[in-house]
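Student: Build me a structure from this.
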Amino acid sequence: MAIQIFFLIVALITLVSAVMVVVVRRMMHAALWLILSLFGVALLFAMLDSAFFAVVQLIVYIGAIAILVIFAVMLTRRIMDDQNVQTNRNWWVALVAVLIVCAGITFAMLSWSRLQVGPGLPPADNLLSDFGSALVDPSRFSIPFEVASVLLVAALVGAIYVAVERKGGKG
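Tutor: Sure thing, here's the model as predicted:
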């Protein structure tokens, strides 16, 4: 019973912090809420006895990407000082789309006859080695793995581009 209460608390904190990433006006505060949200996801992975994914969540997402976002925000002064309205006038369209997608996913999962609610992954001795070989197998996940690495490099180049102050036009 205690593990379910802990799960609900962690899930609630993760959801609230994810909403705060989108809602807050200051970009630095959004980056800090993002770190809390990613940490909540790492806790959920740890609760599912998936230590590898929990550690990857901590190292890659919190340790690299979120810190990269914070450095890009800190190095770009005009984003830190931006006081303009950060919301879109058509926010309700996005809200309706999100509610429709969530309802569709909920309906699909409730109508799925093979859905099993229980403990996380089935116990297997070589689960991590199977995952590693699936990532590098050309017929399985090699291409998406490489696409993700190219996407991360593109995000790094974009963050550097945003962080570099433009020198043209000023003497």
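Student: ranges for the helices of the protein?
Tutor: Assigned by DSSP state H, the helices in the chain fall at 2-23, 27-47, 51-56, 67-75, 77-80, 91-111, 127-136, 142-163.
Student: for those helices, which one ends up most surrounded?
Tutor: Mean neighbour counts were taken over these using mean count of other CB atoms under 10 Å, and the top value, a mean of 19, falls to helix 27-47. For glycine as for every other residue, the C-beta is placed from the backbone atoms N, C-alpha and C.
Student: Between helix 2-23 and it, find me the angle.
Tutor: 160 degrees (axes from the mean of the first three to the mean of the last three CA atoms, to 10 degrees).
Student: can you give me the mean pLDDT across helix 27-47?
Tutor: For helix 27-47, mean pLDDT rounds to 88.
Student: Give me the contact list for it.
Tutor: With contacts defined as CB atoms under 8 Å, 6 or more residues apart in numbering, helix 27-47 is touched by 3, 6-7, 10-11, 13-14, 17-18, 20-22, 24, 51, 53-55, 57-58, 61-62, 66, 69-70, 73-74, 79-80, 82.
Student: hang on, the earlier thing: mean pLDDT lowest where, among the helices of the chain?
Tutor: helix 77-80 (a mean of 57).
Student: quick one, what contacts Ala54?
Tutor: So Ala54 contacts Ala42, Leu43, Phe45, Ala46 (CB under 8 Å, 6+ apart).
Student: Output these in CSV; the columns should cover distance to Phe107.
Tutor: Below are these laid out as CSV (distance: CB to CB, whole Å):
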residue, distance to Phe107
Ala42, 29
Leu43, 28
Phe45, 26
Ala46, 30
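Student: Show me the two of the residues you listed that sit farthest apart.
Tutor: Greatest spatial distance among these (CB to CB): Leu43 and Phe45, at 7.3 Å.
Student: Quick check, central residue of this structure?
Tutor: With distances taken as CA atoms, centre = their mean, the residue of the chain nearest its centroid is Leu38 (6.0 Å).
Student: How is this protein partitioned into domains?
Tutor: The chain is divided into the following domains under automatic domain parsing: 1-112, 127-171.
Student: gap between the residue nearest to the centre of the chain and Val56?
Tutor: Computed as CB to CB, to the nearest Å, the Leu38 to Val56 distance reads 11 Å.
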